[in-house]
Structures are given as C-alpha cells and as structure tokens.
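# The sequence and its predicted three-dimensional model are supplied below.
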Amino acid sequence: MAMSAAGAGAPLATLLVNVAGCFAMGLLCVTLATRFSPLLVTGLLGGFTTFSAFSLDALKLWEAGQIGAAALYVGSSVLLSLLAVGLGAAIAREIFA
C-alpha cells in the first residue's frame, strides 16, 4: 500500500496527539481527584483522543495488580481494532473500487 507524500506525516501526527492526550489524562486524573474527574478527564480528553482513555484503563488494571487482565485488554484492544479497520477498509475497497 503506497502512501502519498501528503499523507506521510499522518501516522506521526496521530501518534503525537494520542501521546499528548495520554499525558494530559495522566495529569488531570491525578490533579482532579474529584467527582467531576470522569466528566473532565474521560469526557473532555475522550473527545480529544480515545487512546488516552484506553491507556488510563490499562494503567488502572496494571496498578490494581491485574496484570493478566491489563495484558488481555491491551492485546485484544489492539488486535480487534486492527482487524476492524482492516475489515472496514476491505469492505470500502470492494464497494467503491
């Protein structure tokens, strides 16, 4: 699959947005330990990037000592997301080819 020159920076931009969202979520989760934290952290940053919410959930499982559950969550999230995007792309290619 060839990538055009205009699209070459897209994966890096997405990576940077997701990392920035994770950083912000980590900061806010710790500093906003109030009942409004879910609204602000998950709601606001979840709208910015769902990867930050995914990362926070994995971290909470890890810190709770649920290492197997964290690994299963991370692995299945990545695998299922990749399968879903591949399936969606394949279907779109078939319909619009």
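Cool, got the structure.
# only C-alpha atoms for contact and neighbour calcs from this point on.
Noted.
# worst-scoring helix or strand of this structure, pLDDT-wise?
Taking mean pLDDT, DSSP states H and E as the measure, the helices and strands of the chain show their lowest mean at helix 37, namely a mean of 67.
# Which residue ranges of the protein form helices?
In chain order, the chain shows helices spanning 10-31, 37, 46-48, 50-63, 67-96, with DSSP state H as the criterion.
# Can you lay out these as CSV showing mean neighbour count?
Formatted as CSV, the helices of the chain follow (neighbours: other C-alpha atoms under 10 Å):
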stretch, mean neighbour count
helix 10-31, 15
helix 37, 16
helix 46-48, 15
helix 50-63, 17
helix 67-96, 12
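# show me what contacts F54?
In this structure, F54 makes contact with no residue, judged by C-alpha atoms under 8 Å, 6 or more residues apart in numbering.
# Would you point out which residue is most central in the protein?
For the chain, the residue whose C-alpha lies nearest the mean C-alpha position (C-alpha atoms, centre = their mean) is F51; its distance is 1.6 Å.
# What separation do you get for that residue and I91?
From F51 over to I91 the distance is 25 Å, taken as C-alpha to C-alpha, to the nearest Å.
# L44 and S77: what is the separation?
Counting by C-alpha to C-alpha, the separation of L44 from S77 is 21 Å.
# May I ask you to confirm that V17 is in contact with G47?
No - V17 is not in contact with G47 according to C-alpha atoms under 8 Å; the separation is 11.8 Å.
# and T49, backbone torsions?
The phi and psi values for T49, taken as degrees, to the nearest 10, are phi -160, psi 130.
# how far away is it from W62?
The span separating T49 from W62 equals 21 Å under the rule C-alpha to C-alpha.
# same check, this time on F54
Counting by C-alpha to C-alpha, the gap from F54 to W62 is 12 Å.
# and if you look at A71?
Distance of A71 to W62, computed by C-alpha to C-alpha: 8 Å.
# Need the distance between the two termini of stretch 39-59.
With C-alpha to C-alpha as the measure, the ends of stretch 39-59 fall 19 Å from one another.
# gap between that stretch and the chain center?
Mean-position distance between stretch 39-59 and its chain equals 8 Å (C-alpha atoms, centre = their mean, to the nearest Å).
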